[in-house]
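[1] fold the following, please.
(2 chains)
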Amino acid sequence: MFDFAAKRRWFLLTALILIIVGLVLAFTPGGLRLSWDFRGGFQVMLEPNEGTTIDTVNDKLGQLGYGGVAGGIQETGGNYLIRMGDISEDERDALKAGLGEIGTVVEGETGFISPAIASRTTRDAAIAVSVATALMLVYITWAFRKVPHSFRYGTAAVVALLFNIAVTLGIFSILSRLLGWEVDPLFITALLAIIGYSVNDSIVVLDRIRENKARGIGADYDGLVNFSISETLVRSLNTSITTVLAILAVYLIVGGPIRSFLMALFVGVVAGTYSSIFVAGQLLVMWEHGDWIKIIPGVSRLQKNKA
Amino acid sequence: MMQRRPTSKRPRFGSKGWALLLILAILGVSIWVMTPSGSSVLHRQEGNLGLRLGLDLQGGTHVVYRGVFDDNITADDKSRAMEAATVAIKKRVDSFGVVEPVIRKLGSASIDIQLPGVDVTEALSLIEKTAYLEFREVELKGSSVATLGDYLSENRTTFFNNSISGTRNFYLSTSQEPVAILTVSDNGSVSYTDLDGNLLDTATLAGSAAQSWMPALGKDSDGQEVPLTGAYLTSAKSQASTNQTTGVITWGVGIDWNSEGWKIFNDIAGRLYGKTSPQNDLGIVLDSELISYPTINQKSYDSAEITGSFDSKSAHLLAVQLTSGALPMPLEITYGPKSVSATLGADFTHRAFIAILIGLLVVGLFMILYYRLPGVVSAVALLIYAIVVLAIYKAIPVTLTLAGIAGFIVSLGMAVDANVLIFERMKEELSAGRTLKAAVDVGFSRAWPAIRDSNITTFIACGILYWFGSSIPTATVVMGFSVTLFIGVALSMFSAIVVTKTLMMLLAGGGFAKRLGLFGVEAKAEAKDV
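    Residues are numbered from 1 along each chain as shown, chains lettered A, B, ... in the order given. A predicted model of the protein is given here:
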């Protein structure tokens, strides 16, 4: 049996660093860029020339340097509706001129589009997520009320959730910086899915600890947590592998337009597996020993030296 | 032990039979709902598996409106009016229960609208109405009511009652539409126009008996005489009332004013009360149409209703238009209605469904390879689960957007997860030497607390997200997700606890009981029952 508890410092340190790095990456300028759904953008309606297809339009947009908008092109009554982020007056003219070579720009339906999603949504989403997390904490604390310190179990689950969200945001903001990915409504949906689902993994582990504690398993708390994690390991990995396989299948077939959605789900699932094994349970052990200070590398050696 | 068991530890043979019957009944009803038929019960008539798909997956109808403004309006006023119109249109569309529409301001004076579905005539007629509500009373010429004929024969350049400004609308008792609308500008020029603003040839109107209606003014709290309009409304609801003697049901729109509105309304009522007909009629005018002119028979009122020739639908529409506020300007269509492809790309739906199918296959295959016979059972349980969930989507009906499908997939994942939990527990019990029957039983009761707690946590998330989504009209993505997730999670518990368990118990009673290899466990020489 692998001694997870003995290495808890490193697991928790890694988690802490990932949470901080993830949040810093996400909330520093340039991290999470909002898509045109939130910021508004430029819309062109193009009446295609004879022989112009959606592929022609995509090629043309690629030539003009707007390859990324592919997938968002709609067909409306034989015309094409193309949307992109807000661009300058000169860029608009260049785009219209370029598209003019493969069709006729319909001026009446071309112009700046205001965001469909109110900006205050972001703030209210944060409030909603906080309320949901608080209620989860209350429920788990209540559901584990027969175990000593049930509040710790609630906290462990919520911290694991925070970890999952922070890692997803962090990875996404790296993609945003490197590849110009933007936060669109689909990414928001994926985040919601992670909030709704990823806490389950941790609950399964915590449930095992609860059950094994009642049965008096394990010489001490470390042993109890180790044993419980080992027991649930297969299940955790199986669930993740199945989900990841399904996500890959969808990515290969649909890909493009919903890549941000699938990417976020993928990261969320992997992070959820890590946090259920290496964060939730280890947090309980750390709390039991009360040796939080040991999270910082070198501290334990210092203490030993003193003694 | 703190396990809670959904069922008794050793179900009698009877309870197993009943559970199976229940599963078959639910499955039967679901398949019945899913099969298209002529009946509209539970939306069975709809094809495409009866699933309604959102704008992002299937596309819909595309219309562009342009606000019609005066030439001399300032850019500021124009942009303010456009904002107000966009908000009002959003409210109107939302009241129609349209899921995730696209309503965006385009350029300086246009509104780009995309609605899911193809039959949007009704929705468009709701959007287009300016819904400018005003109240009018008849204008007098001496002691009799002024008519259009009077105005024309005297070639008037001022109103008969020149203390009241605003237009004069001329109505015949046979029609709600005005025969003519008279505008007198500051420089004394007069123009007679029709409902759409086209100039009329006065020669054809000569001698018309259409009565002149002028704006009804009342004193506000400052003592100023102001016209009563829809701007003072706080709410409007469609309501039915039954005539006590004839039993005939009539529909109207009950309205409530703010305190200022009531003050003006009752000042008008007090002024008209007791006059001779038709001077005691209060004309209710919507977008220049005189929809009714009830008689004021009380000095003051504490409730008000717009009456007219309404049915339940038209009363509801009017209530929605009034509540969402009048549009600050008329709209004209500059594009469409044309059908538009999915916002996620033209052939997205097709690929998405293949993806879901393949995703299901991958999951099913994994379960069967890893868990053997129980894996087959869970695959069957998942299939039943998927059919029942889709039937519920059709019956409610739920409009599926990508976010909604995400909710469905997450719930499917949770259903799989519940099965994994149960099977892992079962394998442990089998390895510990229990009989199959005992292992199934204990496996379920041991897995239950984890399934319960994780599902309830997800319910909490759903509830909060739904509440959040419904409080903000633009956060509909969130609502679509939480609705399908909620339905899915509720059913996934049923799937794991009832369907999988019943099927497993049936197997445990059959010839498989001795062949533990089928359950992914090395056979023990002697199995002990507990």
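[2] hang on, B:Phe408 is in a helix, isn't it?
    Yes - secondary structure of B:Phe408 (DSSP: H, G, I helix; E, B strand; the rest coil): part of a helix.
[3] my read: it touches B:Val489, true?
    No - B:Phe408 lies out of contact with B:Val489 (CB atoms under 8 Å); the separation is 10.5 Å. For every residue, glycine as well, the C-beta is placed using N, CA and C.
[4] so which of these two has more stuff around it?
    B:Val489 (25 against 22; other CB atoms under 10 Å in any protein chain shown).
[5] in this structure the more buried one contacts B:Ala461, no?
    No - using CB under 8 Å, B:Val489 is not in contact with B:Ala461; the gap is 9.6 Å.
[6] list the contacts for B:Arg104?
    A:113-116, B:86, B:111-112 (CB atoms under 8 Å, 6 or more residues apart in numbering or on different chains).
[7] sorry, that was for B:Ser492
    Neighbours of B:Ser492 in contact, by CB under 8 Å, 6+ apart: B:385, B:411-412, B:414-415, B:418, B:455.
[8] buried ones in stretch B:278-298, by neighbour count?
    B:279-288, B:290-294, B:296 (16 or more other CB atoms under 10 Å in any protein chain shown).
[9] which residues of the stretch 201-307 of chain A score low on pLDDT?
    Along the stretch 201-307 of chain A, the parts satisfying pLDDT under 70 run over A:254-257, A:295, A:297-307.
[10] for chain B, what are the nearby residues on the stretch 201-307 of chain A?
    Neighbours of chain B within the stretch 201-307 of chain A, by CB under 8 Å from any CB of the partner chain: A:203-204, A:207-208, A:210-211, A:214-215, A:231-232, A:234-235, A:238-239, A:241-243, A:245-247, A:249-250, A:253-254, A:256-258, A:261.
[11] which ones among these lie within helices?
    Mapping those onto helices (DSSP state H) picks out A:203-204, A:207-208, A:210-211, A:214, A:231-232, A:234-235, A:238-239, A:241-243, A:245-247, A:249-250, A:253, A:261.
[12] quick one on the thing from earlier: which of the contacts of B:Arg104 tops the neighbour count?
    Most surrounded of the contacts of B:Arg104: other CB under 10 Å gives B:Asp112, at 26 neighbours.
[13] so what's the closest residue to that one other than its chain neighbours up against?
    Distance criterion CB to CB, 6 or more residues apart in numbering or on different chains; nearest residue to B:Asp112, sequence neighbours excluded, is B:Leu106 at 4.2 Å. Residues counted as contacts of B:Leu106 (CB under 8 Å, 6+ apart) are A:43, A:109, A:111-114, B:64, B:112.
[14] now the strands for chain A?
    With strands called from DSSP state E, chain A shows them at A:41-48, A:74-76, A:79-85, A:103-105, A:111-113.
[15] quick check, central residue of chain A?
    A:Thr168 (3.0 Å; CA atoms, centre = their mean).
[16] quick one: residues contacting A:Leu34.
    Counted by CB under 8 Å, 6+ apart, A:Leu34 has contacts A:182-183.
[17] and the helix or strand hosting B:Asp453, what does it pack against?
    Taking DSSP states H and E as the criterion, B:Asp453 maps to helix B:436-471. Other helices and strands packing on helix B:436-471, by 3 or more CB pairs under 8 Å, 6 or more residues apart in numbering or on different chains; DSSP states H and E, are helix A:120-143, helix A:185-197, helix A:199-214, helix B:402-431, helix B:476-494, helix B:501-509.
[18] quick one: the last one to helix B:402-431, angle?
    Using axes from the mean of the first three to the mean of the last three CA atoms, to 10 degrees, the interaxial angle of helix B:501-509 with respect to helix B:402-431 works out to 30 degrees.
[19] buried residues of helix B:501-509, list them for me.
    Neighbour-count burial for helix B:501-509 flags B:501-505, B:507-508 (criterion: 16+ other CB under 10 Å).
[20] what's the mean pLDDT across it?
    The average of the pLDDT scores along helix B:501-509 is 79.
[21] ok and that helix relative to helix B:436-471, angle-wise?
    Going by the same axes, to 10 degrees, helix B:501-509 makes 170 degrees with helix B:436-471.
[22] how far off centre is helix B:501-509?
    Relative to its parent chain, helix B:501-509 has a centroid offset of 43 Å by CA atoms, centre = their mean, to the nearest Å.
[23] A:Met263: neighbouring residues, count only.
    When neighbours are counted by other CB under 10 Å, A:Met263 registers 20.
[24] pretty sure it contacts A:Ile174?
    No - in terms of CB under 8 Å, A:Met263 does not count as a neighbour of A:Ile174; the distance is 10.9 Å.
[25] next one: B:Ile356 from chain A, what distance?
    B:Ile356 sits 7 Å away from chain A, going by CB to the nearest CB, to the nearest Å.
[26] ok, that residue - contacts?
    Residues counted as contacts of B:Ile356 (CB under 8 Å, 6+ apart) are A:250, B:405, B:409.
[27] you'd agree the first one is up against B:Gly359?
    Right, the one you point to is A:Val250. Yes - the pair A:Val250 and B:Gly359 qualifies as a contact (CB under 8 Å) at a distance of 5.6 Å.
[28] chain neighbours aside, what residue packs nearest to A:Gly111?
    B:Gly107 (3.1 Å).
[29] give the contact list for that neighbour.
    By CB under 8 Å, 6+ apart, the contact list for B:Gly107 reads A:110-112.
[30] make a PyMOL selection of the buried ones in the contacts of B:Ser492.
    Buried residues within the contacts of B:Ser492, by 16+ other CB under 10 Å, are selected in PyMOL with:
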select buried, chain B and resi 385+411+412+414+415+418+455
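[31] of the contacts of B:Ser492, just say which sits nearest to B:Ser208.
    Checking the contacts of B:Ser492 against B:Ser208 by CB to CB gives B:Ser411 as the nearest, at 66.5 Å.
[32] how about low-confidence regions in the stretch 201-350 of chain B?
    B:345-347.
[33] show me which residues of it are close to chain A?
    Checking the stretch 201-350 of chain B against chain A by CB under 8 Å from any CB, the hits are B:334-336, B:338-346, B:348.
[34] buried ones among those residues?
    B:334-336, B:340-346, B:348.
[35] show me which of the contacts of B:Gly107 is closest to A:Ala156.
    Nearest member of those to A:Ala156, counting by CB to CB, is A:Phe112, at 48.1 Å.
[36] helix or strand: which one has the residue in the stretch 251-400 of chain B positioned nearest to chain A?
    Going by CB to the nearest CB, chain A is nearest to B:Lys338 of the stretch 251-400 of chain B, at 2.8 Å. Assigned by DSSP H and E, B:Lys338 belongs to strand B:331-340.
[37] output that strand as CSV, restricted to C-alpha atoms.
    What follows is strand B:331-340, C-alpha atoms only, in CSV (Å, rounded to 0.1, in the frame of the first residue of the first chain):
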residue,chain,number,x,y,z
LEU,B,331,-39.4,49.2,-36.0
GLU,B,332,-39.2,48.1,-39.6
ILE,B,333,-37.8,44.9,-40.9
THR,B,334,-34.7,45.3,-43.1
TYR,B,335,-33.7,41.7,-43.4
GLY,B,336,-35.6,38.4,-43.1
PRO,B,337,-37.3,36.5,-41.7
LYS,B,338,-34.9,34.0,-43.2
SER,B,339,-33.8,30.7,-41.8
VAL,B,340,-30.4,30.7,-40.3
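[38] tell me what it is packed against?
    strand A:74-76, strand B:60-67, strand B:110-116, helix B:121-128.
[39] tilt between that strand and strand A:79-85?
    100 degrees.
[40] could you give the angle of the next helix or strand after strand B:331-340 to helix B:402-431?
    Per DSSP H and E, strand B:331-340 leads on to helix B:348-371 as the next helix or strand towards the C-terminus. With the same axes, to 10 degrees defining the directions, helix B:348-371 sits at 10 degrees from helix B:402-431.
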